[in-house]
Structure formats: C-alpha cells, structure tokens
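Asker: Sharing a sequence plus its predicted fold:
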Amino acid sequence: MSPAPRIAPSILSADFASLGDAIDGVRPEADLLHIDVMDGHFVPNLTIGPPVVKAVRRHTDLYLDCHLMMDNPATFLDAFARAGASGCTVHAELDGVGELLEQARALGLEAGLALNPDTPFEVAAPHLEHLDLLLLMTVFPGFAGQRFMAEVLPKVTEARREIDRRGLDLPIEVDGGIDEDTAPLAAAAGASVFVAGSAIFGADDPLEAARRIRAAASVPARA
Ligand code: DX5
Ligand code: ZN
C-alpha cells in the first residue's frame with residue numbers, strides 16, 4: 001500500500017504581507033510547509049531567504065521544507081539550519097551534490113534532492129541511500145502557477161520502483177501544477193508528498209483546497 005499522502009502548501013503563492021495568517025489558515029491540513037528559495041541565477045526569479053525562514057519558524061512548529069533553487073547552496077545551508085529549516089532540498093543539476101547532502105545532514109537538516117523535469121532519474125540513483133526526500137519537479141522551477149507536466153510521471157514510477165527495490169523508506173515529493181486533478185496521477189505513480197502553491201493559496205478557501213488535494217491523492221488515479 002502506498003503511504004498516506006502528505007500535503008505541503010507552498011508559501012510562494014501566499015500573501016507575504018500576512019504570511020502568518022496564511023500559514024495559520026492552512027495549518028490543519030499542512031504536513032509540511034514548502035518554502036521556495038530562488039536566487040535569480042539558478043532560476044530567473046528572486047524570492048526569500050533565511051530571515052523569512054527564521055520568522056516563519058518563530059510562528060509555527062510545522063516542518064519547514066526548504067526548496068533551494070540556488071547556484072550555491074553550500075554557502076547558505078548553515079544559515080538555513082540556524083534559521084530553523086527542517087529539511088533543505090538541493091538541485092541535482094549542480095556539481096558536488098554528494099558533498100551538499102553530507103553538509104546538510106551534518107548541520108542536522110534532513111537532506112532532499114530535486115530533479116528538474118528534464119533531468120533523468122539516473123542522476124539521483126547514486127544518492128538515494130543518503131536522502132530523506134526525493135523531489136521530482138513537475139514544472140521547470142522558477143514560478144508558481146505553471147501547468148503540470150504529465151511527461152514526468154514515468155520518472156516518478158521509475159524512482160518509486162527503484163526505491164522499493166532497494167528497500168528504502170524514501171518519500172517522493174512532486175512540485176509544480178499540483179491540484180486535485182493532478183495529485184492522483186502523481187500518487188498513482190508513487191509520489192506521497194504533494195506541494196501545492198496556487199491551487200491552495202489561490203483558492204477562495206485555502207484550507208478546503210488543501211483538504212480536497214489530500215482526498216484526491218488518497219485515491220490514486222490511473223495515468
Ligand atoms: C516552482 C516552485 C513551486 C511552486 C509551486 O518553481 O518550486 O514550489 O511554488 O507552485 P504551483 O503549485 O502553483 O505550481
Ligand atoms: Zn518548490
């Protein structure tokens with residue numbers, strides 16, 4: 001049986017002027033809080049960094065799932081750990097991924113590895129034993145509100161098979177265009193952590209939207 005779905009609202013689509021209220025609003029349906037860190041180099045967008053993570057940590061005890069879309073996470077992992085991040089996910093497209101994962105764990109962070117839609121699963125395969133989370137992007141990172149890329153689903157299936165074959169307890173997270181229609185497709189392929197930005201914070205009732213995504217992901221659909 002696939003593990004129970006976990007929902008990770010992405011604050012990128014929340015109202016930053018009332019972030020605390022936005023977080024409180026989805027708290028009952030949030031298993032993790034997804035925080036998109038973009039440096040303007042790795043992706044063509046600039047978002048938030050350790051000071052915001054620190055403020056969010058003062059506000060909530062939620063698991064803070066920091067997705068680092070940065071060219072040079074090595075310089076900042078320590079700052080994220082001190083700010084109260086729970087896990088940091090680095091991108092597999094960078095050099096020296098093994099060292100980055102080691103550095104994250106040495107700092108007491110959970111370590112995640114993210115793959116862009118066009119990065120093959122083989123790139124992650126050598127690292128699986130050293131991971132707490134495998135993030136398979138279902139859009140090219142950079143912006144909220146993009147269309148889910150169903151062509152990534154075979155990679156989710158491939159990753160799930162290999163993780164199970166090795167007997168690892170490693171969750172697969174999907175991020176990008178996740179809503180109540182696409183979450184069941186990703187769940188059927190083997191994902192269990194669902195990041196959703198615009199589908200939650202862009203809804204009239206974010207809490208209800210998160211509840212619906214969880215319910216949809218609990219009944220995996222056939223792709
Ligand atoms: C995209 C970010 C996502 C983004 C998802 O680069 O990594 O986490 O917030 O937003 P939606 O759910 O709107 O696609
Ligand atoms: Zn993200």
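Answerer: Everything's here; your move. Numbering: from 1, shown residues only. Ligands and ions are numbered 1, 2, ... in the order given.
Asker: So what touches stretch 70-80?
Answerer: Residues from elsewhere that reach stretch 70-80 (Cβ atoms under 8 Å, 6 or more residues apart in numbering): 37-39, 41-42, 49-50, 53, 66, 68, 88, 90-91, 94, 96, 99-100, 103-104, 107, 109. C-beta: built from backbone N, CA, C; applies to glycine.
Asker: Now with 10 Å, please.
Answerer: Here stretch 70-80 makes contact (Cβ atoms under 10 Å, 6 or more residues apart in numbering) with 35, 37-43, 49-51, 53-54, 64, 66, 68, 83, 85-91, 93-94, 96-97, 99-100, 103-104, 106-107, 109, 111.
Asker: So which of the residues you listed are in strands?
Answerer: Ile35, Val37, Met38, Leu64, Cys66, Leu68, Gly87, Cys88, Thr89, Val90, His91, Ala111 (DSSP state E).
Asker: show me the contacts for the fifth one.
Answerer: Spelled out, that is Cys66. Cys66 neighbours (Cβ under 10 Å, 6+ apart): 33-37, 48-50, 53, 56, 73, 76-77, 80-81, 83-90, 104, 109-110, 112.
Asker: For this structure, which segments count as helices?
Answerer: 19-26, 50-59, 77-83, 97-106, 153-165, 183-189, 198-201, 206-217 (DSSP state H).
Asker: can I get those helices in JSON lines with mean pLDDT and mean neighbour count?
Answerer: Shown next, in JSON lines, are those (pLDDT from 0 to 100; neighbours: other Cβ atoms under 10 Å):
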{"stretch": "helix 19-26", "mean pLDDT": "98", "mean neighbour count": "17"}
{"stretch": "helix 50-59", "mean pLDDT": "98", "mean neighbour count": "16"}
{"stretch": "helix 77-83", "mean pLDDT": "98", "mean neighbour count": "19"}
{"stretch": "helix 97-106", "mean pLDDT": "98", "mean neighbour count": "17"}
{"stretch": "helix 153-165", "mean pLDDT": "98", "mean neighbour count": "17"}
{"stretch": "helix 183-189", "mean pLDDT": "97", "mean neighbour count": "24"}
{"stretch": "helix 198-201", "mean pLDDT": "98", "mean neighbour count": "25"}
{"stretch": "helix 206-217", "mean pLDDT": "98", "mean neighbour count": "20"}
